[in-house]
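following is a predicted model, sequence given first.
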Amino acid sequence: MKKKIVAFLITVFIGLTLSMPALAKGGSYMYGFYGDAVDAPKAYELSSIYFSADMNIKDQMLSPSDVFVQGDNIYITDAERNCVYILGPDFKVKKILSQFVLNGQPTTINGAQGIFVNKDKEIYIADTKNSRVIKTDINGVILTVYTQPTSVLYPSNKGFSPLKVSVDSANNLYVIVKDIYEGIVFFNTSDLFDGYFGTNRVPITTALLADYFWKSILSPEQIKQMPQYQPVAYSNFYIASNDFVYSCEPKTDRITKQLKRLNPNGVNVLKAEGSNITNAVGKAYGDEGAAFVDICCDFDIWSW
């Protein structure tokens, strides 16, 4: 029987002041028979902490918003300095991209929240406050600009504030956009908007069914006062070498399936040996749950 083991590197952002249960002290956890979080051997341990001075960055980083490793280089976006730091394997800064060129004219990034770098060292930046994604070379020359789609499938009143970006092996671009709940925004190899990937669905609950009934008999004015049910938006994602998309979601009042492994059809196929963990959620810090902000797939191991 084919058994699949998937290893994740998951950054869990905790903004809680609650007292933490004993298992949180160990750092790592897994799920027990009844779905409860239980202690597990440490998956990773902190080895080093680097500050701006350690990286030879003269002006201290103010708001590092995303990091990506490609080859021997480390790329970090700073949402306040409006630049990209490029570090070598020794964690020393090699280059700082703060000035860019578009069609021969100077331009800058503003509040960038995401970055991706392909093997050709082409850099994709979620230029959040400029409402665009840019693809640039290592010298800051912008090669392609992705802006708000004009398709009827894209809600024109939501704007275009990209948060995270990634690219698959075929050079399709995936973008998590603020306030877009239809799924991950997808641009094809022709740089054109081509719909959504991995669309989340609103869980069917008794409260939703009850509201559906009331909306059938209430006036439009009354309906506007009722709760709006929307899918949970992704907080981050990572595309593995096999083009499977590993995604995570923030904490909500109806947490389900916070961690996913989406196949090329956008279907969640995350499973573990001997069990189905497609409803995996963060429980290490009490009933409030965990707010997952980043995810990376180290490897997929297939054994027989």
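Here it is on my side, so go on.

helix, strand or coil for the nearest residue to Asn236 once chain neighbours are set aside?
Spatial nearest neighbour of Asn236, excluding adjacent residues (CB to CB, 6 or more residues apart in numbering): Asp294 at 4.8 Å. C-betas here are computed from N, CA, C, even on glycine. Using DSSP: H, G, I helix; E, B strand; the rest coil, the structure places Asp294 in strand.

any idea how far Ser169 is from Asp294?
Asp294 sits 21 Å away from Ser169, taking CB to CB, to the nearest Å as the criterion.

so Ser131 touches Pro149, yeah?
No. Ser131 lies out of contact with Pro149 (CB atoms under 8 Å); the separation is 11.8 Å.

and these two? which has more neighbours close in?
Pro149 (19 against 14; other CB atoms under 10 Å).

grab the nearest non-local neighbour of the more buried one.
Pro149 sits nearest to Phe193 (CB to CB, 6+ apart), 3.5 Å away.

okay, Asp294 and Ser169: which has more neighbours?
Under the neighbour definition other CB under 10 Å, Asp294 and Ser169 were set side by side, and Asp294 has more, 17 against 12.

the more buried one and Cys248 touch, don't they?
Yes. Using CB under 8 Å, Asp294 is in contact with Cys248, at 7.1 Å.

quick revisit: quick check: bridge partners of the residue nearest to Pro149?
Phe193 has these beta-bridge partners by DSSP bridges: Phe187.

how close does it sit to Phe186?
Phe193 is 7 Å from Phe186, by CB to CB.

circling back: and the residue nearest to Pro149, how many neighbours?
Neighbours around Phe193, by other CB under 10 Å: 19.

and what of Ile123?
Count around Ile123 with other CB under 10 Å applied: 26.

wait, doesn't it sit right on Val141?
No. Between Ile123 and Val141 there is no contact under CB under 8 Å: 10.5 Å.

point out where the protein drops to low pLDDT.
1-27, 35, 201-205, 207-209, 211-214, 226-231, 251-257, 271-292, 297-304 (pLDDT under 70).

and the residue nearest to Ser65 when sequence neighbours are not counted, what is it in contact with?
Excluding the flanking residues, the one nearest Ser65 by CB to CB, 6+ apart is Ala79, at 4.2 Å. By CB atoms under 8 Å, 6 or more residues apart in numbering, Ala79 lies in contact with Leu62, Ser63, Pro64, Ser65, Gly111, Ala112, Gln113, Thr128.

the third one and Ile76 touch, don't they?
The one in question is Pro64. Yes. When contacts are counted by CB under 8 Å, Pro64 is listed as touching Ile76 (5.3 Å).

who's more crowded, these two?
Counted by other CB under 10 Å, Pro64 and Ile76 do not tie: Ile76 has more neighbours, with 20 against 14.

that one against Val84, yeah?
Yes. With contact defined as CB under 8 Å, Ile76 reaches Val84; the gap is 6.9 Å.

number of residues surrounding Pro41?
8.

ignoring the adjacent residues along the chain, who's closest to it?
Pro41 sits nearest to Ser28 (CB to CB, 6+ apart), 6.4 Å away.

just confirm that neighbour contacts Glu45, I think it does.
No. With contact defined as CB under 8 Å, Ser28 does not count as touching Glu45 (9.5 Å).

so which of these two has more stuff around it?
Between Ser28 and Glu45, Ser28 has the larger neighbour count (other CB under 10 Å), namely 14 against 7.

residues contacting that one?
Ser28 neighbours (CB under 8 Å, 6+ apart): Asp39, Ala40, Pro41, Lys42, Ala43, Tyr44.

closest one of the residues you listed to Gly159?
Tyr44 (37.0 Å; CB to CB).

can I assume the closest one sits in a helix?
No. Assigned with three-state DSSP, Tyr44 falls outside any helix and is coil.

what is the neighbour count of it?
10.

Glu249 too?
25.

Glu182 and Thr199 touch, don't they?
Yes. Taking contacts as CB under 8 Å, Glu182 lies within contact range of Thr199: 5.9 Å.

pick out whichever of the two has more residues nearby.
Each of Glu182 and Thr199 has its neighbours counted (other CB under 10 Å); Glu182 has more, 18 against 12.
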